[in-house]
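Peer 1: coordinates for the following, if possible.
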Amino acid sequence: MNTGAEPEAVSTGEFNIRVVVNGVSQGWWTDNGSPEWWITTVSDQSDSTTWTWVDYNGGRYLKKSTNNYLSYRSGNVIYSTGLKMRAWAYAARWNYDPRSKQLSSVDNDNALVGRNGDYFYCNGENVVELELVAV
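Peer 2: Got it, this is the predicted structure:
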C-alpha cells in the first residue's frame, strides 16, 4: 500500500498496450469499467487505454489517469492476482522487459502477467507478450 499524496507524473510518453500470443495480436488493454475495473481487451487501438509510466521512490507504476493505476486483486480467492485499476494507495509496482515484452509484478514476487479467458493476472500462468505502442 502506498502512503502519501499521489506523485506528479514526469512524462515518459504515452502508449497503448497490445497483447500478443505466439506472434498474433489478441487486442489492446483497457478496463471493463464499474464496478470492478478489471483489465481486459478491445479489438481497436482507438478504444484502448492510454498509459504512462510513473517512476516514484524506486518503483515504476502504470498510470491511466489521476488516481487511476494498474494494480491487482489480493486476498480474494477467486480473483486473486487479477489485474484491475485502483487508486494510488493500491497501485502496484511493475517491471517491463522490452526484449521479452513481458510485464511482471514487483509486489507479487515478480510474477509474470498472463491471460485466463478475457482477463489478466500476475500469476505466471499463460504468460503473454505486451507491446507498448507509442501514441
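
Peer 1: you'd agree N16 is up against D47?
Peer 2: No. Using C-beta atoms under 8 Å, N16 makes no contact with D47, being 9.7 Å away. (Glycine included, C-beta is placed from N, CA and C.)

Peer 1: now the common contact residues for the two.
Peer 2: Residues touching both N16 and D47 by C-beta atoms under 8 Å, 6 or more residues apart in numbering: W28.

Peer 1: which one of those two has more residues nearby?
Peer 2: N16 (20 against 12; other C-beta atoms under 10 Å).

Peer 1: what helix or strand does that one sit in?
Peer 2: Taking DSSP states H and E as the criterion, N16 maps to strand 15-21.

Peer 1: flag every buried residue along that strand.
Peer 2: Within strand 15-21, the residues that count as buried by 16 or more other C-beta atoms under 10 Å are 15-19.

Peer 1: the helix or strand following it: partners in the sheet, and parallel or antiparallel?
Peer 2: Next helix or strand after strand 15-21 toward the C-terminus (DSSP H and E): strand 24-31. Strand pairing for strand 24-31, using DSSP bridges, gives strand 15-21 (antiparallel), strand 39-42 (antiparallel).

Peer 1: wait, which of the ones you listed is closest to E129?
Peer 2: E129 lies closest to strand 15-21 among those, at 4.2 Å (C-beta to C-beta).

Peer 1: now the closest one - C-alpha only, PDB.
Peer 2: Provided in PDB are the C-alpha atoms of strand 15-21 (Å, rounded to 0.1, in the frame of the first residue of the first chain):
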ATOM      1  CA  PHE A  15       1.400   4.400 -25.100                       C
ATOM      2  CA  ASN A  16      -1.200   1.800 -25.700                       C
ATOM      3  CA  ILE A  17      -0.600  -1.900 -24.700                       C
ATOM      4  CA  ARG A  18      -1.100  -4.600 -27.400                       C
ATOM      5  CA  VAL A  19      -1.500  -8.200 -26.200                       C
ATOM      6  CA  VAL A  20       0.400 -10.800 -28.300                       C
ATOM      7  CA  VAL A  21       0.300 -14.600 -28.100                       C
END
